[in-house]
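1. based on what follows, work out the 3D shape:
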Amino acid sequence: MLGEDNPELKYATEFARLAEQLHQEPREQPTLERIAGLAVETIDACDYCGISLRDRDGRITTPASTSPISSRADALQYELAEGPCVDAIWQADTYLIDSLRTESRWPRWTPRAAELGIGSILSVRLSGPNEQAVAALNLYSVEAHVFDHTDVAIASIYARHASRALADARTREGLETALESRQMIGVAQGILVQRFGLNLDQSFELLRRYSRDYNIKLRVLAENLVRNKGIRDDLDVADAVARSFDLAVDQPRES
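-> Now for the predicted structure:
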């Protein structure tokens with residue numbers, strides 16, 4: 001374990017191994033789960049781990065946790081709008097609670113967390129692009145006064161590797177989604193070209209216009225068209241495409 005008194009070379013070797021393991025998952029959710037699991041294995045004092053993730057709307061959730069206890073401790077922070085993991089995200093800092101029984105910075109959350117059997121906690125931010133905090137690594141221990149300076153240092157280095165692994169997984173997943181969308185849109189264009197004699201530019205413009213007028217994502221329109229590709233011959237282009245999109249022709253939604 002990394003918390004033991006090991007030579008510097010062993011620390012470097014161990015972190016290299018961890019970095020490799022963290023990057024083995026190609027998608028975001030499995031990567032988050034691996035980050036949480038490896039954190040418990042890596043930090044000697046850690047009994048449970050939860051990851052708090054902030055979405056684009058500022059809502060914080062826990063997509064990965066190693067125990068119902070850490071899940072509940074995280075959820076209480078969101079419900080009460082206070083706690084170390086919330087501050088680690090919004091304040092972009094590291095927070096250490098040596099003992100929940102004597103902690104006073106979060107007066108509503110602390111006693112509720114202590115009731116779960118938690119003794120101490122270490123929260124470290126996970127950074128995204130431009131060092132912006134997008135998540136927090138929440139390390140829980142059932143005992144008080146167990147996280148020392150070495151644990152804080154190791155957790156900070158681990159968080160750096162975890163941040164990069166999460167960013168890479170998001171990038172890969174985004175590229176895969178974009179590729180799948182392009183392929184689906186291409187199939188939909190092919191249906192329009194074949195059925196109505198449009199060229200590729202015209203078929204894409206038609207898809208784009210319906211996407212705008214009905215305020216529906218272009219990929220969703222393409223999927224609907226591919227799913228309902230049997231278009232009746234007695235419909236004109238606008239009506240046929242609208243029906244294939246499952247839309248009411250005369251009632252477009254505001255964009």
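2. mind jotting down where the strands sit in the stretch 101-250 of the chain?
-> 120-127, 133-141 (DSSP state E, counting those that start in this stretch).
3. those into TSV, with extra columns for distance to A64?
-> C-beta coordinates here come from the backbone N, C-alpha and C atoms, glycine included. TSV is the format used below for these (distance: least, Cβ to Cβ, whole Å):
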stretch	distance to A64
strand 120-127	11
strand 133-141	10
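4. W109 is nearest to which of these?
-> The stretch from the strands of the stretch 101-250 of the chain with the least distance to W109 (Cβ to Cβ) is strand 120-127; that distance is 10.3 Å.
5. remind me what the closest one packs against, helices and strands.
-> Other helices and strands packing on strand 120-127, by 3 or more Cβ pairs under 8 Å, 6 or more residues apart in numbering; DSSP states H and E, are helix 84-90, strand 95-97, strand 133-141, helix 149-196.
6. can I get the CA coordinates of that strand in CSV?
-> Presented in CSV, the C-alpha positions along strand 120-127 are these (Å, rounded to 0.1, in the frame of the first residue of the first chain):
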residue,chain,number,x,y,z
SER,A,120,-13.0,11.4,9.5
ILE,A,121,-13.0,12.5,5.9
LEU,A,122,-10.6,13.9,3.3
SER,A,123,-12.1,15.6,0.2
VAL,A,124,-9.9,16.4,-2.8
ARG,A,125,-11.0,18.2,-5.9
LEU,A,126,-10.8,16.5,-9.4
SER,A,127,-10.0,19.1,-12.0
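7. just checking: what are the partner strands of that strand?
-> Looking at strand 120-127 with DSSP bridges, its partner strands are strand 95-97 (antiparallel), strand 133-141 (antiparallel).
8. where in the stretch 151-255 of the chain is pLDDT low?
-> In the predicted model of the stretch 151-255 of the chain, residues 229-255 satisfy pLDDT under 70.
9. swap in 50 and give it another go.
-> Under the criterion of pLDDT under 50, the regions of the stretch 151-255 of the chain flagged as low confidence span 230-236, 247-255.
10. ok so, going back, closest one to R56 among the strands of the stretch 101-250 of the chain?
-> So among these, strand 133-141 is nearest, using Cβ to Cβ, at 9.9 Å.
11. what's the angle from that closest one to helix 149-196?
-> Going by axes from the mean of the first three to the mean of the last three Cα atoms, to 10 degrees, strand 133-141 is angled at 130 degrees with respect to helix 149-196.
12. what residues sit buried inside strand 133-141?
-> Residues of strand 133-141 classed as buried under the neighbour-count rule (16 or more other Cβ atoms under 10 Å) are A133, V134, A135, A136, L137, N138, L139, Y140, S141.
13. any idea how far the second one is from S70?
-> Looking back up the chat, that one is V134. 19 Å (Cβ to Cβ, to the nearest Å).
14. and what of the last one?
-> The spacing between S141 and S70, counted by Cβ to Cβ, is 11 Å.
15. and what of the fifth one?
-> If you measure L137 against S70 using Cβ to Cβ, the figure is 11 Å.
16. common neighbours of the two, please.
-> C49 (Cβ atoms under 8 Å, 6 or more residues apart in numbering).
17. ok so, going back, check the helices and strands packed on strand 120-127 for me and report the most buried one.
-> Taking mean count of other Cβ atoms under 10 Å as the contact definition, the stretch among those with the greatest mean neighbour count is strand 133-141, which reaches a mean of 26.
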